[in-house]
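[1] Sharing a model prediction with you, sequence too.
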Amino acid sequence: MRKTFKSALCIAALLCTSLAHSAEIELKLAHSWPKGFPIFGTSVDEYASLVEELSDGRIAIKVDSRNKHKAAFGIFDFVKSGQYDIGQSASYYYGGKDPDTLFFTTMPFGMTALEQYAWFHQGGGLELANEVYAKHGIEVMTGGNTTMQMGGWFSKEIGSVADLEGLKMRIPGFGGKVMAGVGAVPTNIPAGELFQALERGTIDALEWVGPSLDLRMGFHKVAPYYYTGWHEPSTELMYFFNKKTMDSLPTWARSVLLNAAKLTGFNMTVQSQHESSVNWGLITTEYPNIEVRDFPADVIEALRESNNALLKVEAARSEMASRIIKSQADYLDTTRAWTLIGDQAYLNNIGK
């Protein structure tokens, strides 16, 4: 009898422990990257852990990488349909679903990461993004920035605008549209297929991120020319939330999910800056065969003209596009004036 009583107590204790640690809310999240992909993918795992910690175990998130769901560019549809409650990806991948989504990752010749964060969180940018995504039953939150991206890896040196004619390049978003305007042939390829495409000559050039991730990908082994940036000065990833799911949650749970995304985004941005700094040091000391180049002035001018023409077309396309473009342009005028007298003047003054 005593043994039976003790066994019953042990079972009860185990049940209580299990109940105490079981989550009240279980959610599924899909992201665009391979499992364990540095910075981008690992930040999502950190997000899930942070949500569990901040909710004291009351929210559990199951994370599926591209390895599981097999659709790197399927995050928009996954979240819209409710197949997944949350997604993490880059907004500009979904211009084919809604062209207004292109504006919320980065813009050529646009804001730096800090300037863009200020626009999102103080200048009305996040409200505009949520207005666009609400049409699709999705709510969004900033999720981490790569900071300044490089202009890409090229198999051959770019000496003039003529060298861009017919150039096959992996470059998504507005940057791809701008390159098309000067005669290049843009395409989009998932991260796991980039090296092979460049090595086999399926593409002539690609942009990925910058030193933070590019060296790991090995692009320098097959394309020696590494150009400085113009097209993605502040590439922001985003968390996508199914609106029906969010509306069904208590206020505290919504707050945890959204604020954990914002904090994870901060952490990812800091990590991007750190990794690019460290890896840039490796490029300059351990990889002397990498030819770092600036695009010629006439190329930059042609790209800027293409960008300006595209913005006019986009502004005429829809009232929403016009509002977003105006909001970004107005905020850039305001914030850049301070950046120039603040950061740039500081760098000019100290000389290094």
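    Sure thing, it's come through.
[2] Show residues contacting the helix or strand encompassing residue 87.
    Per DSSP states H and E: residue 87 is located in strand 86-90. Strand 86-90 has contacts (Cβ atoms under 8 Å, 6 or more residues apart in numbering) with 27-32, 43-44, 47, 61, 73, 75-76, 78-79, 105, 143, 172-173, 235-242, 245, 257. For every residue, glycine as well, the C-beta is placed using N, CA and C.
[3] Can you get me the centre-to-centre distance for that strand and its chain?
    9 Å (Cα atoms, centre = their mean, to the nearest Å).
[4] A helix includes residue 240, no?
    No - going by DSSP: H, G, I helix; E, B strand; the rest coil, the assignment for residue 240 is strand, not a helix.
[5] Where do the domain boundaries of this structure fall?
    23-143+236-275, 152-231+287-317 (automatic domain parsing).
[6] Let me see the mean pLDDT of the shortest one.
    Along domain 152-231+287-317, the predicted local confidence has a mean pLDDT of 97.
[7] What of stretch 339-352?
    Mean predicted lDDT for stretch 339-352 stands at 94.
[8] how far does that stretch stretch from start to finish?
    17 Å (Cα to Cα, to the nearest Å).
[9] For it, give me every contacting residue.
    With Cβ under 8 Å, 6+ apart, stretch 339-352 has contacts from 112, 115.
[10] how much space between residue 280 and residue 313?
    Counting by Cβ to Cβ, to the nearest Å, the gap from residue 280 to residue 313 is 36 Å.
[11] Mind checking which of the two has more residues around it?
    residue 280 (16 against 11; other Cβ atoms under 10 Å).
[12] List the residues that contact the more buried one.
    So residue 280 contacts residue 211 (Cβ under 8 Å, 6+ apart).
[13] relative to strand 86-90, how tilted is the helix or strand hosting it?
    Here residue 280 sits within helix 251-286, counting by DSSP H and E. Going by axes from the mean of the first three to the mean of the last three Cα atoms, to 10 degrees, helix 251-286 is angled at 30 degrees with respect to strand 86-90.
[14] What residues of helix 251-286 count as buried?
    253-254, 256-258, 260-262, 264-265, 268-269, 271-273, 275-276, 279-280, 283 (16 or more other Cβ atoms under 10 Å).
[15] if we can go back for a sec, export the domains of the chain to a markdown table and tack on distance to residue 331?
    Listed next are these as a markdown table, based on distance: least, Cβ to Cβ, whole Å:
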| stretch | distance to residue 331 |
| --- | --- |
| domain 23-143+236-275 | 4 |
| domain 152-231+287-317 | 15 |
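[16] okay, these, which one's buried deepest?
    Of all these, domain 23-143+236-275 carries the top mean neighbour count, a mean of 20, counting by mean count of other Cβ atoms under 10 Å.
[17] which residue packs closest to residue 196, ignoring adjacent ones?
    Nearest non-adjacent residue to residue 196, counting by Cβ to Cβ, 6 or more residues apart in numbering: residue 202, 7.8 Å away.
[18] ok, the one you found to residue 34 distance?
    Relative to residue 34, and taking Cβ to Cβ, residue 202 is found at 19 Å.
[19] Also residue 93?
    15 Å.
[20] Next: residue 209.
    For residue 209, the distance to residue 34 - Cβ to Cβ - is 14 Å.
[21] do residue 335 as well
    Taken as Cβ to Cβ, the span from residue 335 to residue 34 is 35 Å.
[22] what do you get for residue 266?
    On the measure of Cβ to Cβ, residue 266 and residue 34 end up 24 Å apart.
[23] Likewise for residue 183?
    Residue 183 is 33 Å from residue 34, by Cβ to Cβ.
[24] From what I see, residue 203 and residue 193 are in contact.
    No - if you go by Cβ atoms under 8 Å, residue 203 and residue 193 don't touch, sitting 10.1 Å apart.
[25] Can you list the residue ranges for strands in this protein?
    25-31, 59-64, 86-90, 138-145, 152-154, 168-170, 185-187, 205-206, 225-227, 236-242, 291-293 (DSSP state E).
[26] Could I get these in a markdown table, plus columns for distance to residue 178?
    Below are the strands of the chain laid out as a markdown table (distance: least, Cβ to Cβ, whole Å):
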| stretch | distance to residue 178 |
| --- | --- |
| strand 25-31 | 27 |
| strand 59-64 | 33 |
| strand 86-90 | 17 |
| strand 138-145 | 20 |
| strand 152-154 | 13 |
| strand 168-170 | 11 |
| strand 185-187 | 9 |
| strand 205-206 | 14 |
| strand 225-227 | 14 |
| strand 236-242 | 18 |
| strand 291-293 | 19 |
